[in-house]
Each structure stands twice: as C-alpha cells, then as structure tokens.
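> structure for the following, please:
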Amino acid sequence: MILGVDQAGRIVQHDRNAQEILAPSSGGPLLGTDLSDLVVETPVPGMPLSSLLEAAKGGREATAVLTLRSQRSSPIDTVVTLQPMRGGDNGCPTALAILRMPPPSVEQFLDPALMRHALLDETFRQIGATLDLDQMARGLINIVVPHFCNSAGLLLLESLVAADESQAPQTDGSHLLRRMAVAADNNDPDWDATFPTGEVLRYPQGTPYSECMNTGKPVREPAMATKDVAVLAETWLRRPVAKLLEGTSMLILPLNARGSTLGFIVCTRRKGFRAFDAYDTEIGMEFASRAAIFVDNARRYNRERATALTLQRSLLPTGLSAPSSVEVRHRYLPGSQLIEVGGDWYESINLPGARVALVVGDVAGHGVRAAVTMGRLRTAIQTLAMLELPPAESLQQLNELMQKIGEREPHFATCAYAVYDAVNGTCEVASAGHLPPLLVRPDGSSEFLDVSPAPPLGVGEGLISSRTFEIEDGSLFVLYTDGLVESRGQDIDDGLKRLQSIFNAESAGGSMEDLCKAILASAYAEQHRDDIAVLIARLARIDGSQQASWVLPGELTAAREARSLVAEPLEKWDLASMVDTTQLLASELVTNAIRYADGPVTLRLIKEGTLVCEVLDNSSALPRLRHAARDDERGRGLQIVSRLSVRWGARRTLTGKVVWCEQSFPRVTDQTGQSDPSAS
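Model prediction:
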C-alpha cells in the first residue's frame, strides 16, 4: 500500500486498498488522519515513526518496522518506508509512505497463482534428487506449510516404509500407517507432541482419514465439528487433539501411484483463515499426484536396495579361517546411498597342511544381479579351494563359469587369489583384472606385487598365470577392491599412494584393528563411495617345533622306516595315543607313493589344528579311491586311509603331488570329568 503524507505526518492521499485494510484509532476516515493514529503504541511511544518523519524532512529515505492497526485482523507488523518528495504545498504530499504487510489470515491462501507456483513450479526440482523417504517426506511437508496450509502431516503405509510385502487387510478395513513428517507455521510444540513423527497407528473407521485411504479420493472438511474432534481425542487418548483441530478446515490428499494408495497428506487451516474449497482441492491433488510418484520411486529403490543388501550380507562370510600363525582381519563397507549395492566379496579359507586361501573379488555393476553373481562366485571359489586347485587354475575355472553366466546376462568380475603356505613361507598369487596386492614387510617397506596381468573373469579366454613370492615372517598382505582407492575426485594412482602411505615400520607391527581403521579413515566421507572390501593378513610360518619332515628312499622298505620315524614327534607332542594309527596311515601313504612314483618321497607331519600327515612325490597322477574285490591283493591302501582319518586328499605341486590325511586330536578328560579336544 502507498500513502501520501505531509510534513506533519498527516495522510493526504492513499490508494484504493488502504481504506479497507487500515484502521485509525479514531475510527474516522483515513484522509487527514495522523500516521501515529495507525501505529500501536510501543514501549517508547513514537520513536520509530518520529525517526522516519525526521529523515523525510531532511530529504533522506528511511525504513522501519511498525505495528499497524488492521480492520480484518489483529495488529500487523509492517515494513514502512518513507520516501521524500519535492514540493508539498497546497495539500500535496511531501513524502510517500510505502507499506509492506503480510496479507491478513483470510487472504493468506487466496491467490491461486501464488499457491500453484509455490507447490508445483520450483519445489519438485529441489527434492527430486533424494531417494530417502524420511528426507523426502520432510521436504514435501515444508512445501505445503506455509504455502498451502498452516499445518500438515504426511503418513505412509507401514508396509511401504518397512520394505515389507503388502500386509493382509484388517478385518475392520483399517490400515497401519506411519507418520513420516509433521510441520506447523506457528512453531506450536503441541503439534509434535500430539502427532509425533515416526508413530505407527491405525485410524478408526468413520473418520476422514480412513475414508481417504479406502476410496483413494481427497476428503475435505470445511470445519471440524467439536464432537468429531472430541471423538478423535478420546480414541487416541490425547486431549490436545481437540484444541488443535477444533474449528479447523481440513483437506486430506491421497498419495496414489501404480493403482494403489500409498498414504496421504493431511492439511489444516486454523480458524480465521480461508477454508479449503474445490479449487484448493484441485491444486492439492495435483501436488499430491506428483508427490506420490516421487514417494513410489523412493519406495521401489529402497526396497530393491534393502533386498540387495540383505542378499549380499547373507552371502558374505560370517567368519574367516586361517592357520594359527596367520592373523586375518577384514572390513566391508557398503556404498553410499547414492550408489546401489555392489558385488564386492572376500574370503579366507583354511586349507590342509597349514595353508590359507586369501581371496578378494568385485563383480562389475550394482544391485541384486551383482549380489547374486557374487554369491555364485563365492560358492564356486570355496569349492575350488576344497579341491585344492592352484590359484591360476581356480581363476581359470571361474572365468569359464562367468562366460556361461554371461550367455544369459552379461557380467564380468575381477578377482585376486592367493594361497599362503605357513610351512615354507611362500605365497602363490594370481589375478584376473584385479588391482595388485600390497605386501608390507616388517620394516615398513612396501610394494605392490607384480602379478602377471590377465583380463577380468568373463571377458576373454586368455591364460591366467601365477607368481610365487617368498614372504618374510610378520609381513602384511593386503587385498582390496577398487572402491578403496578410486573415486570421482581422486585418481587411482593417488589412491594407491595413499594406501601405501598408511604403512610404516611402526604401523606394520601394530594392531590389525588400528590398521583397518586407518585404511578406511578417508572412505566414510565420500558421498559417491562405491562398495569397499579389504582383507589384510599378517603372514608367518608355523613354529618349527610343530612339524617334522623326512626324505625317504624310493624303495618299499621306506614304509617300515616311516612307521619308526613318526613315533618320536608324536610322543614329543603328547600324542602317544595316536602313534599306532599314524604309523599305519603313514605306511599306506608312503607305499602308495613309492608304487606309482620314481625317486625319493618326503614324509611330513604337521601339528596345526589337526594332525596332518603328508607324503610328497614326483608323480603328477592323483590317486583315486576304488573298491577292491575280495580276491584283490592290492588297492586297499586308500580305503584304509579314508576309514582311519577324518578326511584325506591330494593336490598337485610344481614337481609332483602331495597326498595327505587329517586326524583329530584325542579328547583329554579334565578334573571335572569333562572332555575337551587338546593338541597337547
């Protein structure tokens, strides 16, 4: 509004709206009224207004906030600007008073163009990027309040929020809903206390809320009757409901998407504000229709993400195994919510003969498909490890598996596979398209192991080879996926240097837990972070006193010598009760080796979790268990081994093969009468 005032501060001109809105204290016409008659008295009467008039007389523009009397509502805080004008004699104004006041409550929601612009034009661009239901709900409610109503709440089906399948309908037709967000323009704490965010509730039948959910149509209440709000207050056992809702105008907007009602937005306008009408309903439904699309997209994304996370976590190992001389730690960090679940995985598998298989892999892509493929590869790698295939051959088998999978749905993966032998301290490593392992020596020096390159699994048919490294006791062996060293704002070379810089002489011998924390320290803040899998192992040979080895001549008399040799270490290990059985097993394994191989054989006993008896020879032909006929003089050796041992097997080496068998330690009865397996 614009008023013209003279030097004395009297109104000599005004626009059309001023007479209908402003209310002089005298009650007379606006012309000739002093500006002070419009201003509600302040603790220091006249000070702001006097300052404005003095500035105008001095030819300066001035602005102040004054509380003016209004005909349509209580006094309104108004921004008043006085602009001086030249002239002013003969009843002409010497200054223009520009009044900027918020519209009275009855006019606050009057302009449909303003409401439509606020609700539909700019707001969805701001919340369209989020897929978090809680954040989206708050964003939607903050749009509705204060542009469309005084207070509002957004409620969604509990089954939708919890990512569960649709629940069976209740016998009374009610729906289980969760309140996602609440807002009010007067900051009244009673709204949050009475309608708490996160509450799960059922609305009783016969209420506007249940009608909206049942019909999927908007419900408009021009004014909530006293008896209706009293029923709600009594049903919910909340007295403030009656005070907050009595006399309010209510509009409930259903969130309809894909043929179902996901929930609703309930909007209220207090007494003194214009009640909702049909045009408000039209604008509100247009907003609710768009909001429902965003909610449905977020719901579908969250459900798929939850499914992939559950599947992936169920497929990841719950425990890692390794020889007693090897300490293994792992970390798995899911990707940020802006990135779907990936296919990273890790394994540490204890193998016979004090060996351990260390594996880290990464399936390309994200989502459920990547998690399923990861599960297939992890199952296959466990099977191949139990078959004791060397790393290169295991990856070759995985490559064939990935190519078969790719016939139906193209996929590829990278994988690094290492087998550490805790007896001789060697580590055989093979890689298929994966980043190089990091080896950190006890003195803190480190290097990325140069493993013969090979294409990722499922991409090509190139030959995968391996390299064997001598490992110094106490060295750290680090396997990881690309999410650790590669990001949008960081070159992969910089990431590799950062990883290498974590290790020094002090940290190399420190706590494995502290090392894991240091490795992931910078990954948590990355907003577009991919999945990260890290497997770190401190490698060391087993104690030499826990093993015994002999080279025997390639003659049948070697079996008798083997029986005499195994007794001494077993008695030294307090395993005298196992001597007879071990002698028989060693005799059969040595006899089998001499019969089918040329040259000397090696007999080895290893006390590591179980008692392992190994025989090494120079023949690459693996033995096969067969059933001998009654009149056969030969062929029963491996049957005896199979019966007397917990398990047995064979694996190829560079110069031949190893045939082994395992025995469990005898149970030792303590003073309480309970028996426990003991290694000594």
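> alpha carbons only for contacts and neighbour counts from here, please
Fine.
> can you tell me how far the closest residue to Val459 other than its chain neighbours sits from Ala291?
Nearest non-adjacent residue to Val459, counting by C-alpha to C-alpha, 6 or more residues apart in numbering: Phe412, 6.3 Å away. Shown here: Phe412 relative to Ala291, a distance of 38 Å by C-alpha to C-alpha, to the nearest Å.
> biggest helix in this protein by residues?
In the chain, assigned by DSSP state H, the helix with the most residues is helix 278-315.
> flag every buried residue along that one.
280-281, 283-285, 287-289, 291-292, 294-299, 301-309, 311-313, 315 (16 or more other C-alpha atoms under 10 Å).
> just checking, what packs against that helix?
Judged by 3 or more C-alpha pairs under 8 Å, 6 or more residues apart in numbering; DSSP states H and E, the packing partners of helix 278-315 are helix 112-116, helix 133-147, strand 249-257, strand 260-269, helix 368-386.
> one step back: correct me, but the residue nearest to Val459 touches Pro456?
Yes: contact between Phe412 and Pro456 holds when scored by C-alpha atoms under 8 Å: they sit 6.5 Å apart.
> re earlier: how about the helices and strands packed on helix 278-315 in JSON lines, adding mean neighbour count and distance to Arg538?
JSON lines is the format used below for the helices and strands packed on helix 278-315 (neighbours: other C-alpha atoms under 10 Å; distance: least, C-alpha to C-alpha, whole Å):
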{"stretch": "helix 112-116", "mean neighbour count": "15", "distance to Arg538": "64"}
{"stretch": "helix 133-147", "mean neighbour count": "20", "distance to Arg538": "43"}
{"stretch": "strand 249-257", "mean neighbour count": "25", "distance to Arg538": "54"}
{"stretch": "strand 260-269", "mean neighbour count": "24", "distance to Arg538": "53"}
{"stretch": "helix 368-386", "mean neighbour count": "20", "distance to Arg538": "20"}
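> looking at these, which has the lowest confidence?
Sorting those by mean pLDDT places helix 112-116 lowest, at a mean of 79.
> report the spatially nearest residue to Arg538, omitting neighbours in sequence.
Using C-alpha to C-alpha, 6+ apart, the nearest residue to Arg538 is Leu476, at 4.5 Å.
> can I take it that the one you found is in a strand?
Yes: Leu476: assigned to a strand according to DSSP: H, G, I helix; E, B strand; the rest coil.
> that one contacts Ala508, correct?
Yes: here Leu476 reaches Ala508: they are 7.0 Å apart, a contact under C-alpha under 8 Å.
> what's the pLDDT at Cys92?
For Cys92, the pLDDT comes out at 74.
> gap between it and Leu49?
For Cys92, the distance to Leu49 - C-alpha to C-alpha - is 20 Å.
> where does the stretch 251-400 of the chain have low pLDDT?
For the stretch 251-400 of the chain, the stretches with pLDDT under 70 are 308-309, 312, 315, 318, 336-342.
> before we move on, back to that, out of the helices and strands packed on helix 278-315, which comes closest to Ala567?
helix 368-386 (29.5 Å; C-alpha to C-alpha).
> same for that closest one, what does it pack against?
With 3+ C-alpha pairs under 8 Å, 6+ apart as the test, helix 368-386 has helix 278-315, strand 343-351, strand 355-363, helix 391-408 packed against it.
> I'd like those as TSV, with distance to Glu470 appended.
Shown next, in TSV, are those (distance: least, C-alpha to C-alpha, whole Å):
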stretch	distance to Glu470
helix 278-315	33
strand 343-351	19
strand 355-363	14
helix 391-408	16
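> right, and these - which one's nearest Val219?
Taking C-alpha to C-alpha, helix 278-315 is the member of the helices and strands packed on helix 368-386 nearest to Val219, at 8.7 Å.
> and that closest one, how far out from the chain middle?
In terms of C-alpha atoms, centre = their mean, to the nearest Å, the centre of helix 278-315 is set 18 Å apart from its chain centre.
> let's number from 21 now, not from 1
Taking 21 as the first residue, the last one we looked at is helix 298-335.
> okay, the angle between that helix and strand 269-277?
Counting by axes from the mean of the first three to the mean of the last three C-alpha atoms, to 10 degrees, helix 298-335 lies at 50 degrees to strand 269-277.
> can you name the element that comes right after helix 298-335?
Next helix or strand after helix 298-335 toward the C-terminus (DSSP states H and E): strand 347-353.
> that next one pairs with which strands?
Strand pairing for strand 347-353, using DSSP bridges, gives strand 552-559 (antiparallel).
> could you point out which element follows the strand it pairs with?
With DSSP H and E, the next secondary element past strand 552-559 is strand 567-572.
> mind giving me the packing neighbours of the helix or strand just after that next one?
Where DSSP H and E defines the elements, the next helix or strand beyond strand 567-572 is helix 578-585. Counting contacts by 3+ C-alpha pairs under 8 Å, 6+ apart, helix 578-585 is packed against strand 567-572, helix 599-616.
> most tightly surrounded among these?
helix 599-616 (a mean of 21; mean count of other C-alpha atoms under 10 Å).
> and the contacts of that helix?
Applying C-alpha atoms under 8 Å, 6 or more residues apart in numbering, the contact partners of helix 599-616 are 574-576, 578-580, 582-584, 586-587, 590-591, 620-621, 623, 633-637, 639, 657-658, 660-661, 664, 679-680.
> pLDDT of it, averaged?
91.
> chain center to it, what's the gap?
Distance of helix 599-616 from its chain centroid, counting by C-alpha atoms, centre = their mean, is 54 Å.
> rewinding a little: mind checking the helices and strands packed on helix 298-335 for the one nearest to Pro354?
helix 388-406 (11.9 Å).
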